[in-house]
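**Student:** Let's see this in three dimensions:
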Amino acid sequence: RSLLGDGVHAARTSRHDFDFLHGSWNVHNKYLKGRLRRSTEWIEFDAHSDVQPLLEGLGQLDRYRAVRDGNAIEGVTLRLFNPATGEWSLHWADTVNPGVLLPPMVGRFNADVGEFFGDEFVDGKKVLCRFYWTRTNPDSPRWEQAFSDDGGKTWETNWIMTFTRR
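**Tutor:** Modelled structure (predicted):
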């Protein structure tokens, strides 16, 4: 395991941080319909996710399948661990934006919460994006996405996924 900053009091990260996700999952999604528009209308839908380890634990491939608003969506997340920095990079591509690999979200776990940051575009405007992974319950982990259009002063959560084993 890597020891990062602050000596013996440092947060420890590992190539095993995402091992809790290996396997097949049912995923309940809550998706905010209008992003950064003060929307309060949520769309709920179900999905499936299959996660397998890669590169001797230094990576994962997560295949995601859902139907949202009557449209089939398929996506993949490639997660890669960098032992030199103790950080994970999370890369996403889907059928909503074919041929596009989004810029990576980069971060790490501290205890049972992973926090990852990157950039997104909303209505053509670049905004900050944050992912939270919570693994306090190994049978039902949770992922949240939030956007900030004010440099991280405030965040709007716009997508929540709750996982249960298939």
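**Student:** make it CA atoms for all contacts and neighbour counts henceforth
**Tutor:** OK.
**Student:** Roughly how far does F147 sit from N110?
**Tutor:** 21 Å (CA to CA, to the nearest Å).
**Student:** between these two, who's got more neighbours?
**Tutor:** Between F147 and N110, counted using other CA atoms under 10 Å, the more crowded position is F147 (26 against 13).
**Student:** Identify the bridge partners of the more buried one.
**Tutor:** With beta bridges defined as DSSP bridges, F147 has these partners: C129, E156.
**Student:** My guess is it contacts W159. True?
**Tutor:** No. Shown here, F147 and W159 do not form a contact pair, counting by CA atoms under 8 Å, at 9.8 Å.
**Student:** The spatially most central residue of the chain: which element?
**Tutor:** Residue closest to the mean C-alpha point of the chain, counted by CA atoms, centre = their mean, is F131 at 5.1 Å. Taking DSSP states H and E as the definition, one finds F131 inside strand 125-134.
**Student:** So, low pLDDT: which residues of this structure?
**Tutor:** The model of the chain has pLDDT under 70 over residues 1-11.
**Student:** Just want the phi and psi numbers for N29.
**Tutor:** Per-residue torsions, N29: phi -110, psi 140 (degrees, to the nearest 10).
**Student:** That one: how many residues sit nearby?
**Tutor:** 21.
**Student:** what bridges to it?
**Tutor:** Counting by DSSP bridges, N29 forms beta bridges with F45, M161.
**Student:** And for E87?
**Tutor:** Applying DSSP bridges to E87 gives these bridge partners: N82.
**Student:** Then T40 would be within a strand, right?
**Tutor:** No. Judged by DSSP: H, G, I helix; E, B strand; the rest coil, T40 forms no part of a strand; its state is coil.
**Student:** which residues touch it?
**Tutor:** 32-34 (CA atoms under 8 Å, 6 or more residues apart in numbering).
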